[in-house]
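Undergrad: Build me a model:
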Amino acid sequence: MPINALINEPVSDPISLYRYRDGLAAVDLLAVAVAHLDLFTWLADNPSTLAAICQKFEIHPRPADVMMSLTTANGLTTLTGGVFLVTLRGREHLSSGSPWDMGPYFASMKDRPSTLAMLEVLRTNRPANFGSFDPQAWAQAMERPEFAKAFTAAMDCRGVLLGPAIARRVDLAERNAVLDIAGGSGIYACAMVANHANLRGAVLERAPVDRIARDSIAAKGYSDRVDVITGDMFADTWPTGFDVHLMSNVLHDWDEPKVRELLKKSYDALPVGGVLLLHHAYLNVEKTGPLHVAEFSALLMQITEGKCYSLGEMRSYLVDAGFQWGGVKSTAVSRSVIIAIKE
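TA: Residues are numbered from 1 along each chain as shown. Okay, here's the model as predicted:
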């Protein structure tokens, strides 16, 4: 990868390609709503709150919230005063009894393994891969050069687009040092210093990714400006000496309590006046879209403990942690960066 790839941006827009990848699980979540729950038939006669929907179908609030954000972004439901109602589109095409009901069409997807896995997430609130993921086996795999190379490439191919996009959208002219929390290969920290000559950077990562990050940063030519600090973002105290924290594609892996924990750790480690940059795909305040983000949230809900949060949720969490809201700026492929300041 040429170093100037962290400064320049592509001429063409890859948004349609990202939507294929990000929306991979959305079809299964909609299939569960139609073929397993018959959600729209029931909801058409029983406008309900999220809590009532969870009680009726014996599902958990986090995945149910993602499901209802998806149906709302698709124009199948609306949310008024905390109550979900079925729209005309939902009544005509996804409610039994309608001559145009597509329920039998979706029923052919009912027993797909991926659809059944999504149903299990709704019922248990556990990621679909929760039981099969072996951290020790993964760490051992990272010692194999071919696996480590593939892992780094997977992180870098998205970061080389998103990292420079973040750097171009934020004013860091008066800042000195950025700490990239759980920064993976270091692609984001490299992009930040590449676009801001005044900055030095560091990546906080646990083993064995810390070694991968050092090698990757060196290959990009930024070892003199970007360090790697070995540590666990949950278990360890965060290093001081940085007036900017960056979390990109981190918080969406975790449920609300852990999100709040990470925001508090950032607040405690930053100096007064320090800046926290949160780069993720966000739903709007009303959770009515964007559709791309609602689709991506289905994937995150299925494979992690998190989801795509709304701007309203994030603002509330930040204020509770002590931060001042500094605004939000779009970056690339439906992602945005929230700027928060330690008062």
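Undergrad: okay but residue 74 is in contact with residue 291, surely?
TA: Yes. Residue 74 lies in contact with residue 291 (CB atoms under 8 Å); the separation is 6.6 Å. The C-beta positions use only the backbone N, C-alpha and C, and glycine is treated the same way.
Undergrad: And residue 307, how far from residue 182?
TA: From residue 307 over to residue 182 the distance is 17 Å, taken as CB to CB, to the nearest Å.
Undergrad: So which of these two has more stuff around it?
TA: Neighbours were counted for residue 307 and for residue 182 using other CB atoms under 10 Å; residue 307 has more, 27 against 21.
Undergrad: hang on, that one in a strand?
TA: No. Counting by DSSP: H, G, I helix; E, B strand; the rest coil, residue 307 is not part of a strand but coil.
Undergrad: how near is it to residue 295?
TA: Residue 307 is 12 Å from residue 295, by CB to CB.
Undergrad: do the same with residue 49
TA: Applying CB to CB to residue 49 and residue 295 gives a distance of 24 Å.
Undergrad: Please apply the same query to residue 163.
TA: 23 Å.
Undergrad: The two: who's more crowded?
TA: Between residue 163 and residue 295, counted using other CB under 10 Å, the more crowded position is residue 163 (29 against 26).
Undergrad: Please verify my assumption that that one contacts residue 192.
TA: Yes. Applying CB under 8 Å as the test, residue 163 and residue 192 come out as touching, 7.1 Å apart.
Undergrad: where's the nearest residue to residue 86 once chain neighbours are set aside, which helix or strand?
TA: What sits nearest to residue 86 in space, not counting adjacent residues and going by CB to CB, 6 or more residues apart in numbering, is residue 44, at 4.4 Å. Counting by DSSP states H and E, the element that carries residue 44 is helix 39-45.
Undergrad: and that helix, what's its mean pLDDT?
TA: Taken as a whole, helix 39-45 has a mean pLDDT of 98.
Undergrad: Which parts of that helix count as buried, going by neighbours?
TA: 39-44 (16 or more other CB atoms under 10 Å).
Undergrad: before we move on, what about stretch 320-329?
TA: 321, 323, 328-329.
Undergrad: related to what we said a few turns ago, could you report the separation of the residue nearest to residue 86 from residue 179?
TA: Counting by CB to CB, the gap from residue 44 to residue 179 is 50 Å.
Undergrad: just for the protein, where's the confidence low?
TA: Per-residue confidence for the chain (pLDDT under 70) gives these ranges: 1-3, 129-136, 138-139.
Undergrad: domain assignment for it?
TA: Here the domain assignment for the chain is 15-124, 135-288+305-342, based on automatic domain parsing.
Undergrad: Now those domains in JSON lines, please, with extra columns for distance to residue 6.
TA: Listed next are the domains of the chain as JSON lines, based on distance: least, CB to CB, whole Å:
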{"stretch": "domain 15-124", "distance to residue 6": "19"}
{"stretch": "domain 135-288+305-342", "distance to residue 6": "4"}
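Undergrad: Most distant residue from the centre of this protein?
TA: Most distant from the centre of the chain: residue 99, at 38.5 Å, with distances by CA atoms, centre = their mean.
Undergrad: on that earlier part again, dump the residue contacts of the residue nearest to residue 86.
TA: Contact partners of residue 44, counting by CB atoms under 8 Å, 6 or more residues apart in numbering, are 86, 90-91, 95.
Undergrad: try residue 214
TA: 186, 223, 228.
Undergrad: Could you pull up the contacting residues of the first one?
TA: Taking CB under 8 Å, 6+ apart as the criterion, residue 186 is in contact with 180, 203, 213-214, 216-217, 220, 222, 226, 228.
Undergrad: Would you list the phi and psi of the spatially closest residue to residue 255 that is not a sequence neighbour?
TA: Once flanking residues are discounted, residue 255 sits nearest to residue 305: 4.9 Å by CB to CB, 6+ apart. The phi/psi pair for residue 305 (degrees, to the nearest 10) reads phi -90, psi 0.
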